[in-house]
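J.: whatever this is, show me its structure:
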Amino acid sequence: MGDNVILVGFMGAGKSSVGRLLARRLGRCFVETDDMITAREGRSIPEIFAERGEAHFRALEEETVRLLALKSGDVIATGGGLPCRDGRPDRLRAIGTVVWLRGEFDAVYERAQRAGARPMLAGRKREEIEALYRAREPYYRQADVTVDTTGINPDQVVAKLVPLLRDRLSTLSPPEKPPTLSSLGRGWGEGK
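T.: Below is the predicted model of the structure:
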């Protein structure tokens, strides 16, 4: 398992704001998968959806997951749909500790609407968004750690999360020691 902390959850769950605070508290770098995608594409998420469609965006997320495997010791906030593909939760757990920032639907829906342009909200009724939330929950539930964000602010979420992560991260096995000459068997110049 990698040593990253990966935040998952529905739009409006607080992944970005909690991730920034958590990274600061843990002394780690903060990365957002949506920022990785927009930097690579040179345009915003709404522009990607409008110009290339959701299928193209999901393909970009797949590439992003491959790139996340190269990261070490970061706090990573994923887009709401990134973990919601078969096999994806397992791949994320291989990269680090996955944390589901769970919120009651009404709370996250309200926050998501206040946060600005979100392609997955555009032109959809509340009932459709709730159906999407319910469809994604089984993927989010596969996280290693769950913190309910309903009714609390990002500082309070981080306060609940840090002790859970410290316990979990302290149980990670230390990195393998590099091999020594004696452990490699033959010394230099032997066996010719």
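
J.: CA only for contacts and neighbour counts going forward, please
T.: Noted.

J.: all strands of this structure, in order?
T.: 4-8, 30-32, 75-77, 96-102, 145-148 (DSSP state E).

J.: could you dump the longest one to CSV, C-alpha only?
T.: Think strand 96-102. Coordinates of each C-alpha in strand 96-102 appear next as CSV, following Å, rounded to 0.1, in the frame of the first residue of the first chain:
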residue,chain,number,x,y,z
GLY,A,96,-2.7,4.9,-0.3
THR,A,97,-5.3,5.2,2.5
VAL,A,98,-8.7,6.0,1.0
VAL,A,99,-10.9,8.3,3.0
TRP,A,100,-14.6,8.7,2.2
LEU,A,101,-15.9,12.2,3.2
ARG,A,102,-19.5,11.1,3.6
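
J.: residues of the helix or strand of the chain with the lowest mean pLDDT that come out buried?
T.: In the chain, no helix or strand scores lower on mean pLDDT, DSSP states H and E than helix 105-114, which sits at a mean of 84. By neighbour count with 16 or more other CA atoms under 10 Å, helix 105-114 contains the buried residues 105, 108-109, 112.

J.: quick one, the helix ranked longest in the chain and strand 4-8 angle?
T.: Determined from DSSP state H, the single longest helix within the chain is helix 154-170. Here the directions of helix 154-170 and strand 4-8 differ by 140 degrees (axes from the mean of the first three to the mean of the last three CA atoms, to 10 degrees).

J.: 240 is where my numbering starts, stick with that
T.: With the count now opening at 240, the last piece we talked about shows up as helix 393-409.

J.: around residue 390, how many other residues sit close by?
T.: By the measure other CA atoms under 10 Å, the count of residues near residue 390 is 10.

J.: give me the pLDDT for it.
T.: Residue 390 carries a pLDDT value of 89.
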